[in-house]
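J.: how would this look folded up:
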Amino acid sequence: MKNKKPIIALVALVAVGLVGATIAYFTSEVTLDNVFTTATYKTKTTETFSSPSDWLPGTTTPKTIETENEGTIPVVVRATLSEAWTDENGDAVAIANYRDYTTINTQNIGTGSDQWTLHTDGKYYFNRQLAAKGSTTDKTTSFISGVTLNANVASSQTCTETGEIGHGTYTKTCTTGITGIGKGTYTLTITVETVQADKCAQAWTGAPTSICPTN
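T.: Just a heads-up that it's a prediction; the model follows:
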């Protein structure tokens, strides 16, 4: 009986050692924040134009339009023109040749980097990319300088009379207009489009490859 007690005590110490080994360990934790900021796509088109209320034959109304890249992504630019005449009642007037009445005065049309190209699709393309804002090449020139009501436009005059000459009050009122149109209104609409430069070919099918390369 005397020899059993030391054995029991030894077993108990071993058990305590095993328990201590299972709960002793090292640990660490690291959190990594990966922040991705997208590039900025932003363009601004500015028009300088004052609508005339007494447009006369031979008169040119100045007009310019420029596009500027205000973002960080290079862009390309194109523009489309459309014209319409309406009569004094607001009804559309069918015109076979607008150049019989108006002349759109274009400028900066050519092959240089700050020039515009009139492509076969009827659109004006600026010949180079607009670089990110702050660059010396972040803005277009204007491809239009004004619109002229042609000097040889035939005028018409419509008069109404009330009363009789020599009998009381006689009034004759005459309105001058354009032959075939009357007191008409001319509207020139310019649509400006921009697109991310490296996706130009995919977005603008048929665009000139010099501006929108396919590879």
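J.: Helix or strand with the lowest mean pLDDT in the protein?
T.: helix 4-22 (a mean of 50; mean pLDDT, DSSP states H and E).
J.: how about Ala197, phi and psi?
T.: Phi and psi for Ala197, reported as degrees, to the nearest 10, are phi -60, psi -40.
J.: Count the residues that sit near it.
T.: 19 (other Cβ atoms under 10 Å). All C-beta spots, glycine's among them, are computed from the backbone N, C-alpha and C.
J.: Need the nearest residue in space to it, chain neighbours excluded.
T.: In space, and not counting its chain neighbours, Ala197 is closest to Pro74: 4.1 Å by Cβ to Cβ, 6 or more residues apart in numbering.
J.: could you pull out the helices for this protein?
T.: Assigned by DSSP state H, the helices in the chain fall at 4-22, 200-203.
J.: What's opposite Trp85 in the beta bridge?
T.: Applying DSSP bridges to Trp85 gives these bridge partners: Val93, Tyr186.
J.: pretty sure it contacts Lys183?
T.: No - counting by Cβ atoms under 8 Å, Trp85 does not reach Lys183; the two are 11.3 Å apart.
J.: higher neighbour count, the two?
T.: Trp85 (20 against 13).
J.: Now do the contacts for the more buried one.
T.: Going by Cβ atoms under 8 Å, 6 or more residues apart in numbering, Trp85 touches Ala92, Val93, Ile95, Tyr98, Tyr101, Ile181, Gly184, Thr185, Tyr186, Thr187.
J.: I'd like the distance between it and Gly182.
T.: Distance, Trp85 to Gly182, using Cβ to Cβ, to the nearest Å: 10 Å.
J.: rewinding a little: quick one: neighbours of the residue nearest to Ala197, just the number.
T.: Count around Pro74 with other Cβ under 10 Å applied: 19.
J.: One more: Lys139?
T.: Lys139, neighbours per other Cβ under 10 Å, totals 19.
J.: so what's it closest to, chain neighbours aside?
T.: In space, and not counting its chain neighbours, Lys139 is closest to Glu68: 4.4 Å by Cβ to Cβ, 6+ apart.
J.: Between its first and last residues, how far does stretch 200-212 reach?
T.: Its first and final residues considered, stretch 200-212 spans 5 Å by Cα to Cα, to the nearest Å.
J.: Mind listing what's buried along it?
T.: Residues of stretch 200-212 classed as buried under the neighbour-count rule (16 or more other Cβ atoms under 10 Å) are Cys200, Ala201, Trp204, Ala207, Pro208, Ile211, Cys212.
J.: residues touching the last one, list them.
T.: Under the criterion of Cβ under 8 Å, 6+ apart, the contact partners of Cys212 comprise Val76, Cys200, Ala201, Trp204.
J.: Quick check: the farthest pair among these?
T.: Val76 and Ala201 (10.1 Å; Cβ to Cβ).
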